[in-house]
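J.: The following comprises the amino acid sequence and a computationally predicted model.
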Amino acid sequence: MKSATRTVASLTLVLRIAYFGPEGTFTEQAARALAPGEDLTPYETVRLALQAVRDGAADAACVPIENSVEGVVPATLDGLSDGDPLVATAETILPIHFSVLKRPGSGEIRTVASHPHALAQVREWLETNLPDATPVASSSTAAAAVGVVEGDFDAAVSAPVAIEHYPLEELATGVADVRDAQTRFLMVRRPGELPAPTGADRTSIVAAAVNRTGTLSDLLVELAGRGINLTRIDARPTRNNFGEYRFFIDFEGHVAEPRIIDAMTALRRRCHLRFLGSHPRADGVAATIEEGAGNQDFLDAQAWVDAVLKGEGA
């Protein structure tokens, strides 16, 4: 990602980046990677971090979106689908290995606190190494570390960066039941200029369609028929009527590409859409282009129609 710093004449302005805190979380590490040298401010919840951008208190927010072990982060999906629109302009993927922290000189470990996603990712390690300790859910991995400092818990499963912020010592490091676990994080902003297409991009949308037979199939056909590969799909309740859902869909490509434009216009005819952004993929994987479904194929088809309308061909 290009530096987030804005330059106005000869004055350089440091951007204000909100992130899901407190200090010492994996989200802080992701924010550092996506916006090096910028002004980082932690917020207690994902929703508050996103609201800071909507209110103008922050220029962008860094939030977790999905984990390879525990799946999507519901608070982020809901926060992006409600309220004024925000769009993702960058992403990063972090390997997830935890540190187990305790107070210096403390004795028996009877309680171990962390965010529920973190506890789920070290369940086997805890059962093997701290079988008598009771897991306790906290609002974040860093909040668990704060709880240890304050004496509420005996140990915390935290991001490695937490040791830089809190007077604790490591009981264990590199802890993870799944060694290649990863979490993807987004940098989101108010709508504006999007990153240019790179050929290895991800586009995200929320689709709210009527509750009838075949609704989801109809939406997916619009993408499959254009050779567009999905990278993620999830459903979240609308919270209006029981059984009504919004579909969160990620797919390869950029909204500026002719093939994606064609698909988006078709989807918009079928349902209400919210655009959540187009940006380079952190893994650099190029879009899969099927024969006859490349951008030039769509341009050639449109050129043929234009020629027909002008009476120049058939």
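T.: Thanks, I have the structure now. Numbers count the residues shown, from 1 in each chain.

J.: And the longest helix along the chain, what's buried?
T.: Longest helix in the chain by number of residues (criterion: DSSP state H): helix 295-309. Buried positions in helix 295-309, judged by neighbour count with 16 or more other CB atoms under 10 Å: 295, 297, 298. All C-beta spots, glycine's among them, are computed from the backbone N, C-alpha and C.

J.: do you know how far the second one is from residue 86?
T.: To tie it back to what came earlier, the one meant is residue 297. 33 Å (CB to CB, to the nearest Å).

J.: Report the contact partners of residue 177.
T.: Residue 177 makes contacts with 69, 121, 122, 123, 124, 125, as judged by CB atoms under 8 Å, 6 or more residues apart in numbering.

J.: from those, which is closest to residue 135?
T.: residue 123 (7.9 Å; CB to CB).

J.: what's the domain layout of the chain?
T.: 14-93+182-193, 98-175, 194-314 (automatic domain parsing).

J.: Same list as before, these that is, but in TSV and with mean pLDDT included.
T.: Shown next, in TSV, are the domains of the chain (pLDDT from 0 to 100):
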stretch	mean pLDDT
domain 14-93+182-193	94
domain 98-175	95
domain 194-314	91
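
J.: Please produce TSV containing the buried residues of helix 295-309, extended by distance to residue 238.
T.: Formatted as TSV, these follow (distance: CB to CB, whole Å):
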residue	distance to residue 238
295	34
297	36
298	33
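
J.: residue ranges for the strands of the stretch 201-314 of the chain, please.
T.: Listed in chain order, the strands of the stretch 201-314 of the chain (DSSP state E, counting those that start in this stretch) span 201-208, 230-237, 245-252, 272-280.

J.: out of those strands, nearest to residue 101?
T.: strand 230-237 (32.0 Å).

J.: buried residues in that closest one?
T.: Quick answer for strand 230-237 (16+ other CB under 10 Å): 231, 234.

J.: Likewise for stretch 39-57?
T.: 40, 41, 42, 43, 46, 47, 48, 49, 50, 51, 52, 53.

J.: hang on, isn't the second one packed against residue 18?
T.: Yes. The pair residue 41 and residue 18 qualifies as a contact (CB atoms under 8 Å) at a distance of 5.5 Å.

J.: so what sits against both of those two?
T.: Common neighbours of residue 41 and residue 18 (CB under 8 Å, 6+ apart) are 52, 58.

J.: Could you give the separation between the terminal residues of stretch 280-300?
T.: This stretch, stretch 280-300, spans 26 Å end to end (CA to CA, to the nearest Å).

J.: nope, stretch 218-231 is what I was after
T.: Termini of stretch 218-231 sit 18 Å apart (CA to CA).

J.: For this structure, which segments count as helices?
T.: 26-34, 46-55, 74-81, 116-121, 123-129, 141-149, 215-224, 258-270, 295-309.

J.: Okay, angle between the second one and helix 26-34 too, please.
T.: Taking axes from the mean of the first three to the mean of the last three CA atoms, to 10 degrees, helix 46-55 and helix 26-34 form an angle of 40 degrees between their directions.

J.: Now do helix 46-55: distance to the chain's middle.
T.: Taking CA atoms, centre = their mean, to the nearest Å, one finds helix 46-55 lying 14 Å from the centre of the chain it belongs to.
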